[in-house]
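Q: Sequence and predicted structure, then a few things I'm wondering about:
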Amino acid sequence: MTARRTTPRRTTPRRTTNRHSQLVGYALSLLGVAVLTVSGTSATAASAAQPPTPSSVSGPASALTSLGIDGTAWTVDERSEKVRVLADSTVTDTEFALLRHTVDRFAGAVTVERLDGRLRTLLSGGDGIHAAGRRCTAGVNVQSGSTYYFVTAGHCAADLPTWYTGAALDTAVGPTTGSSFPGNDFGVVRYANPAVPHPGTIGTVDVTGTASAYVGQRVCTRGATTGVRCGVVTALNMSVNYGGGDIVNGLIQTNICAEPGDSGGPLYAGDKVIGILSGGSGNCATGGTSYYQPIQEVLSAYGLSVY
């Protein structure tokens, strides 16, 4: 889908995101970028002698970015200092061969894998927060002064002016006041209907603040489709190519499954919010992987705080 891109203001901002500039941004922040494509079983890895230096990963990261293959994601593994590349089920054999041919020029610096499933953002109809033809999940309630909002995914909020509590669209919550997607994946909706309560909780958890993710951290998420599920953080600063030029940077990766309709839901540890669900691969019947926009970025961009 095509997302709205406008310049952010303090509480009702919108960000401009240019797809070409996102690709350029990858090349300028190579050590924080991860390449991941959701596709199948693990494949071969380039042979390694000595661990690559930071300068040695910039070449493969730039080369992989320039390919622009949908359904891929990439990152630099902090322990091995290698570029880790994954490709999902939409990546053709020809495209996968092109990936392999590209990384063969950088022996020892890159690993390539196929993963089961298709990398996608998560949308469907049903419960949660609703707009015309779309259902997502409210992430966390926030405020600026005496004005209240909720945060959700940017790919949910973009281009949809009003959100409702149910699929019948008979009880309005309020308008979308800011969104950023691709590049980032967050959106903000203002509570305009005083009849709709907005407690500072995630289910029964009373939110007391935010926290940054770290690998190995025990976390949970809550979605309109799948409810509460828990797992661990498996990677940071992931860059995910959802296809059609929709690339999102700086995501948190977990081993928690997610389903359509869960997008925008919160990632949290105890009573601290960590992120907002962007997308994932797999499903909750066979297992999956999910990716989250760090919460601090949206709060900082729009001058908001949890309560």
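A: In hand now; what should we look at?
Q: Show me the helices in the protein, by range?
A: 19-28, 54-67, 93-103, 154-157, 295-302 (DSSP state H).
Q: Now do the last one: which elements does it pack against?
A: When contacts are defined as 3 or more CB pairs under 8 Å, 6 or more residues apart in numbering; DSSP states H and E, helix 295-302 packs onto strand 140-144, strand 147-152, strand 172-180, strand 186-190, strand 209-210, strand 272-283, strand 305-306. (Glycine included, C-beta is placed from N, CA and C.)
Q: For those, give me a markdown table that also has distance to residue 249 and mean neighbour count.
A: A markdown table is the format used below for these (distance: least, CB to CB, whole Å; neighbours: other CB atoms under 10 Å):
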| stretch | distance to residue 249 | mean neighbour count |
| --- | --- | --- |
| strand 140-144 | 21 | 21 |
| strand 147-152 | 18 | 23 |
| strand 172-180 | 11 | 23 |
| strand 186-190 | 12 | 28 |
| strand 209-210 | 19 | 14 |
| strand 272-283 | 11 | 26 |
| strand 305-306 | 23 | 16 |
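Q: show me where pLDDT drops low in this protein?
A: Low-confidence segments of the chain (pLDDT under 70): 1-58, 61, 78, 122-127.
Q: Can you give the domain ranges for it?
A: Structural domains annotated on the chain: 19-114, 129-199, 202-237+245-294, as defined by automatic domain parsing.
Q: okay, those domains in TSV with distance to residue 304 next?
A: Listed next are those as TSV, based on distance: least, CB to CB, whole Å:
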stretch	distance to residue 304
domain 19-114	24
domain 129-199	4
domain 202-237+245-294	11
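Q: Compare the ones you listed and give me the one nearest residue 307.
A: Proximity to residue 307, assessed across the domains of the chain by CB to CB, is greatest for domain 129-199 (5.5 Å).
Q: Enumerate every residue touching residue 286.
A: Residue 286 makes contact with residue 116, according to CB atoms under 8 Å, 6 or more residues apart in numbering.
Q: if I look at it, how far off is residue 234?
A: 17 Å (CB to CB, to the nearest Å).
Q: What of residue 284?
A: 17 Å.
Q: before we move on, back to that, okay, the helices and strands packed on helix 295-302 in JSON lines with distance to residue 245 next?
A: Listed next are these as JSON lines, based on distance: least, CB to CB, whole Å:
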{"stretch": "strand 140-144", "distance to residue 245": "28"}
{"stretch": "strand 147-152", "distance to residue 245": "22"}
{"stretch": "strand 172-180", "distance to residue 245": "15"}
{"stretch": "strand 186-190", "distance to residue 245": "18"}
{"stretch": "strand 209-210", "distance to residue 245": "30"}
{"stretch": "strand 272-283", "distance to residue 245": "15"}
{"stretch": "strand 305-306", "distance to residue 245": "32"}
